[in-house]
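**Q** Fold the following, please.
(2 chains)
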Amino acid sequence: AQKVTQAQTEISVVEKEDVTLDCVYETRDTTYYLFWYKQPPSGELVFLIRRNSFDEQNEISGRYSWNFQKSTSSFNFTITASQVVDSAVYFCALSEAEYKLSFGAGTTVTVRA
Amino acid sequence: KAGVTQTPRYLIKTRGQQVTLSCSPISGHRSVSWYQQTPGQGLQFLFEYFSETQRNKGNFPGRFSGRQFSNSRSEMNVSTLELGDSALYLCASSKDRGGSGNTIYFGEGSWLTVV
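**A** Now for the predicted structure:
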């Protein structure tokens, strides 16, 4: 069964628009961690944020913000005022007791100038 | 602070050959894990090493193996290469296996093409 679902395959926006990426996860563990990574064409997975299951406080970091809701098993990510450099594939991932990451399929974000 | 370093970055191998990929984790990180990324299967967990011991293994055939050295550096090996092994292989490291130390950082990956 898919543990992490990113329903959006591709999102295309014009620069300065906001982009929200959806992530829904599934786990029976009470302790788990959620991650967002960005993958530019070079291939490296760039760490953006980690949240543990006991911390539902939402966070804003510059143009990035995250909305973690355990009640709906969602961990959504928003880019405010998008820029061309934000173009990349974004992955949501779940780490459970086994300490391995289960990734979603990724969402390709294209920001047009 | 240096990030996760993987070598080589790009390589081309012939079917049936073997390949060894190397990974140097962030200084002070003791856990190293490997992932395979392909267009069809996405990102899949291969294995994880901690304190030179394999702690977890993904659903891959025995042709895929790895090890970790006392300095936490890791290598993975794929024997009898198949065309389907063509992929981006990503190494990741974290300070610890759980708790506050398990933020997982990735390297740039090794692009393997099997012809």
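**Q** which residues in chain A form helices?
**A** Along chain A, no segments are classed as helices by DSSP state H.
**Q** so what's B:Q36 up against?
**A** B:Q36 makes contact with B:L43, B:Q44, B:L46, B:F60, B:A87, B:L88, B:Y89, B:L90 under the criterion CB atoms under 8 Å, 6 or more residues apart in numbering or on different chains. Backbone N, C-alpha and C define where each C-beta goes, glycine included.
**Q** Inside strands: which ones of these?
**A** Secondary structure from DSSP state E places B:L43, B:Q44, B:L46, B:A87, B:L88, B:Y89, B:L90 of those in strands.
**Q** Check the burial of A:F47 by counting its neighbours.
**A** 16 (other CB atoms under 10 Å in any protein chain shown).
**Q** and what of B:N77?
**A** Residues lying near B:N77 (other CB under 10 Å) number 13.
**Q** which two in the contacts of B:Q36 are spaced the farthest apart?
**A** Using CB to CB, the pair of the contacts of B:Q36 lying farthest apart is B:F60 and B:L88, separated by 15.0 Å.
**Q** Of the two, give the one with the bigger neighbour count.
**A** More crowded of B:F60 and B:L88, by other CB under 10 Å: B:L88, with 19 against 16.
**Q** That one contacts A:L45, correct?
**A** No. Counting by CB atoms under 8 Å, B:L88 does not reach A:L45; the two are 9.8 Å apart.
**Q** Who are the packing partners of the helix or strand bottoming out on mean pLDDT in chain A?
**A** Ranked by mean pLDDT, DSSP states H and E, the weakest helix or strand in chain A is strand A:59-61, scoring a mean of 81. Packing partners of strand A:59-61 (3 or more CB pairs under 8 Å, 6 or more residues apart in numbering or on different chains; DSSP states H and E): strand A:46-52.
**Q** quick one: strands adjacent to the strand it packs on?
**A** Here strand A:46-52 is paired, per DSSP bridges, with strand A:33-39 (antiparallel).
**Q** as a whole number, average confidence for the strand it pairs with?
**A** The average pLDDT within strand A:33-39 is 94.
**Q** Now do that strand: everything it contacts.
**A** A:21, A:23, A:25, A:45-53, A:66, A:68, A:75, A:77, A:88-95, A:101, A:106, B:102, B:104, B:106.
**Q** from the residues you listed, which would you call buried?
**A** A:21, A:23, A:25, A:45, A:47-53, A:66, A:68, A:75, A:77, A:88-95, A:101, A:106, B:102, B:104, B:106 (16 or more other CB atoms under 10 Å in any protein chain shown).
**Q** Quick one: residues contacting A:V111.
**A** A:V111 neighbours (CB under 8 Å, 6+ apart): A:S12, A:V13, A:V14, A:E15, A:E17, A:V19, A:S82, A:Q83, A:V84, A:V85, A:D86, A:S87.
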